[in-house]
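> Here's a sequence, model it:
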Amino acid sequence: MEFTDTYLDRIREVGYDADKAGDVFDGYLREYLDNPKLKKKAEERSLRLDAVCASIATLKTNKYLGIEDEDLYDIKRMWRLYDLEYKLVAETLIDNLKAYHLDPAGVPTRDEQDSVEDLEHLKSVLKTLKRGVIIVGAVIVILLAVIGISSYYCAQEFEYSVVEVTVVKETTEEYTEYKYDQNGLRSGERKRSRQVVWVYYDGYEYPLVGVDRSDLYALRDAQYKHEPLTAYLYNGGMYYKEDTMRAYRPCAGVRSYCLFLLVVVLIVFGPMLVLYLTFRIRPGAYHKLRVFTHGRFILRR
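Residues are numbered from 1 along each chain as shown. Modelled structure (predicted):
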């Protein structure tokens, strides 16, 4: 209120209507007092935030009301500003110095200010990227260890039986295939069917695992001619091919899943590591990236 009264007294002295000016000045004053970026700059430079905000409010109110009186633009005298405080006012209004009757001498340009801000913000970006690289790197090490262990177990000999079986029948198994939209919600379903070949061995019938559509002709021919087939019995399941049986081992399943996760993690890790090293070695590249994006939204918190 003290700043508003002081400003209104000054414009009354030069013959301007103070009724409308009070609300406008108050609005600008509150806006800049609540500006976190301006508050941070004032604290870092040990400047008087209230005097800086009152000066900005004065200039913006003058411009809003169309006031051209030079005395009302003399914020150094009106608010007894120090040089550094005046400089901060000019930095804040850098995009229109002439309209606010401000001296541009020694005031960094908008691009220079952005460059400094980007370099300051880069510290937190590098910290975040470094933390991400360490975490993702640890995940990669864990996945590689699991892949190595599962590969070791898959390379070991395991118990299975090579047996002769006879084809006894072929059945059609129906199943439902669901469709999902972009949000992961079920959007539809479709009925499908597949052929299941059954074989006989040692008094039991087993569904034959690993049969492709291209194998059906040979299996039907073997059933017709009552010819025995070689199959692989492992862990209660009957497999048509040895490769299929090996792929159904738990270690093989773990290895395949970890390999898939490793690819996904590497896709994230690669760009993250490149960005971290680039910004660490060449800090100016961060500012160039922000300028290049125009909207300056990349990597903002």
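> residues contacting the nearest residue to R249 once chain neighbours are set aside?
Sequence neighbours aside, C154 is the residue nearest to R249 in space, at 6.3 Å (criterion: C-beta to C-beta, 6 or more residues apart in numbering). Quick note: C-beta positions are derived from backbone N, CA and C, even for glycine. If you count contacts by C-beta atoms under 8 Å, 6 or more residues apart in numbering, C154 has them with R246, R249, C251, A252, R255.
> In the helix or strand containing L208, which residues are buried?
Using DSSP states H and E, L208 sits within strand 204-209. Using 16 or more other C-beta atoms under 10 Å as the test for burial, strand 204-209 gives Y206, L208, V209.
> same thing with stretch 63-81?
Buried residues in stretch 63-81, counting neighbours by 16+ other C-beta under 10 Å, are found at K63, L65, I67, L72, Y73, I75, M78, W79, L81.
> what stretches of this protein score poorly on pLDDT?
By pLDDT under 70, the low-scoring segments of the chain are 1, 17, 110-119, 184, 286-301.
> how about the buried residues of stretch 63-81, which pair is most distant?
L65 and L81 (21.3 Å; C-beta to C-beta).
> Can you give the contact residues for the helix or strand containing E31?
According to DSSP H and E, E31 maps onto helix 18-33. Outside helix 18-33, the residues within contact range by C-beta under 8 Å, 6+ apart are 3-4, 7-8, 11-12, 38-39, 49-50, 52-54, 56-58, 60-61, 64-65, 92.
> Show me what the helix or strand that comes right after that helix is packed against.
Counting by DSSP H and E, the next helix or strand C-terminal to helix 18-33 is helix 36-44. Packing partners of helix 36-44 (3 or more C-beta pairs under 8 Å, 6 or more residues apart in numbering; DSSP states H and E): helix 49-65, helix 83-92.
> which residues sit in contact with A285?
T278, F279 are the contacts of A285 under C-beta under 8 Å, 6+ apart.
> All the strands of the stretch 201-301 of the chain, in order from the start?
Here the stretch 201-301 of the chain has its strands, by DSSP state E, counting those that start in this stretch, at 204-209, 229-234, 237-239.
> For S161, find the nearest of those.
Closest among the strands of the stretch 201-301 of the chain, using C-beta to C-beta: strand 229-234, at 4.3 Å.
> Can you list the helices and strands that the closest one packs against?
strand 161-180, strand 186-201, strand 237-239, helix 242-247.
> Adding mean neighbour count and distance to G270, write the ones you listed out as CSV.
Output for those, formatted as CSV (neighbours: other C-beta atoms under 10 Å; distance: least, C-beta to C-beta, whole Å):
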stretch, mean neighbour count, distance to G270
strand 161-180, 12, 28
strand 186-201, 13, 33
strand 237-239, 21, 38
helix 242-247, 16, 29
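> and S150, which of those is closest to it?
Between the helices and strands packed on strand 229-234, helix 242-247 lies closest to S150; by C-beta to C-beta that is 12.4 Å.
> Okay, C258 and V268: tell me how far apart.
Note on C258: its distance to V268, by C-beta to C-beta, to the nearest Å, is 16 Å.
> More neighbours: which of the two?
Neighbour count, other C-beta atoms under 10 Å: between C258 and V268, C258 has more, with 21 against 13.
> Quick one: residues contacting the more buried one.
By C-beta under 8 Å, 6+ apart, the contact set of C258 is L143, V146, I147, S150.
> quick one: which of those residues sit in strands?
Judged by DSSP state E, the contacts of C258 include no members of strands.
> among those residues, which are in helices?
Among the contacts of C258, the ones falling in helices (DSSP state H) are L143, V146, I147, S150.
> among the contacts of C258, which two are most distant?
Between any two of the contacts of C258 (C-beta to C-beta), the greatest distance is 10.5 Å, for L143 and S150.
> re the thing from before, wait, which of the strands of the stretch 201-301 of the chain is closest to E159?
Closest among these, using C-beta to C-beta: strand 229-234, at 7.8 Å.
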